[in-house]
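Asker: Have a look at this prediction, sequence included:
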Amino acid sequence: MCEPSGVEEIKGRGIRVVVLVEGESDRNALLALAERRGIDLAAAGVAVEPVGGAQAMGRALERFGPGGAGLGVAALYDAGEEGAVARCLERAGLGAALGRDDMERLGFYACDEDLEAELIRALGVSAVEEVAARGELRSFRVLQRQPAQRDVPVERQLRRFLGTHSGRKIRYGRLLVEALDLDSVPRPLDRVLARACSAAA
């Protein structure tokens, strides 16, 4: 389980907005996008904190949000965790019976199905395979030949591939963003970065 940084350490760095993400792969992707856009997140007053899954966002909100340190908070989450995230926001006093539009107004953006799926759709299968070709394309082809994978759409095979090896998702979070055309950044990734920088300004 990832533990968010301490409040005093965050405040000591002059952070005004914390972006909560489920894990290190999401963090790497967001950091890579900021770098590609020429944004120094630390100088902008923005920190990206992996919390170890959507269920842990409640504790991070308590720590950093209006009921805790009083910092601005934004987040990326997987669409399947929307109910859990909405309940975290409600417990934090940020609204009840929140729908996706309400959550976006608060700076919380859903990835459909997760950020890896968003990046695969944005890049396309061929471009993702090109990234994998830097050393792991053979491993992907082995996975594709497995009986359980033969009739599965390639996009799902790629998602499975990213999640089958320890550390692979973390590394590919950055690599896939580095391969993106900046006009094709997945909407939730694009919006959460813009929201955080705007709120911290």
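Answerer: Here it is on my side, so go on.

Asker: Geometrically speaking, which residue is the centre of the protein?
Answerer: With distances taken as Cα atoms, centre = their mean, the residue of the chain nearest its centroid is D26 (3.3 Å).

Asker: Contacts for whichever strand or helix holds that one, please.
Answerer: Assigned by DSSP states H and E, D26 falls within helix 24-36. If you take Cβ atoms under 8 Å, 6 or more residues apart in numbering as the criterion, helix 24-36 is touched by 2, 19, 21, 40-41, 48-50, 76, 115-116, 119, 169-174, 176-178, 180, 182, 185, 189-190, 192-193. C-beta here means a position set from N, CA and C on the backbone, and glycine is covered the same way.

Asker: Tell me what angle the longest strand along the chain forms with helix 24-36.
Answerer: The residue-count maximum for a strand in the chain (DSSP state E) belongs to strand 72-78. Interaxial angle, strand 72-78 versus helix 24-36 (axes from the mean of the first three to the mean of the last three Cα atoms, to 10 degrees): 120 degrees.

Asker: Neighbours of A29, how many?
Answerer: Neighbour count of A29, defined by other Cβ atoms under 10 Å: 31.

Asker: related to what we said a few turns ago, what comes up buried for the helix holding D26?
Answerer: 24-34 (16 or more other Cβ atoms under 10 Å).

Asker: Could you give me the PyMOL syntax to select whichever of the contacts of helix 24-36 are buried?
Answerer: Only the buried members of the contacts of helix 24-36 end up in this PyMOL selection, burial being decided by 16+ other Cβ under 10 Å:
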select buried, resi 19+21+41+48+49+50+76+115+116+119+169+170+172+173+174+176+177+180+185+189+190+192+193
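
Asker: In strands, which of the contacts of helix 24-36 appear?
Answerer: Cross-referencing the contacts of helix 24-36 with the strands (criterion: DSSP E) gives 19, 21, 48-50, 76 as the overlap.

Asker: farthest pair in the residues you listed?
Answerer: E49 and L76 (11.1 Å; Cβ to Cβ).

Asker: Of the ones in strands among the contacts of helix 24-36, which is the nearest to L61?
Answerer: The closest of the ones in strands among the contacts of helix 24-36 to L61 turns out to be E49 (Cβ to Cβ; 11.0 Å).
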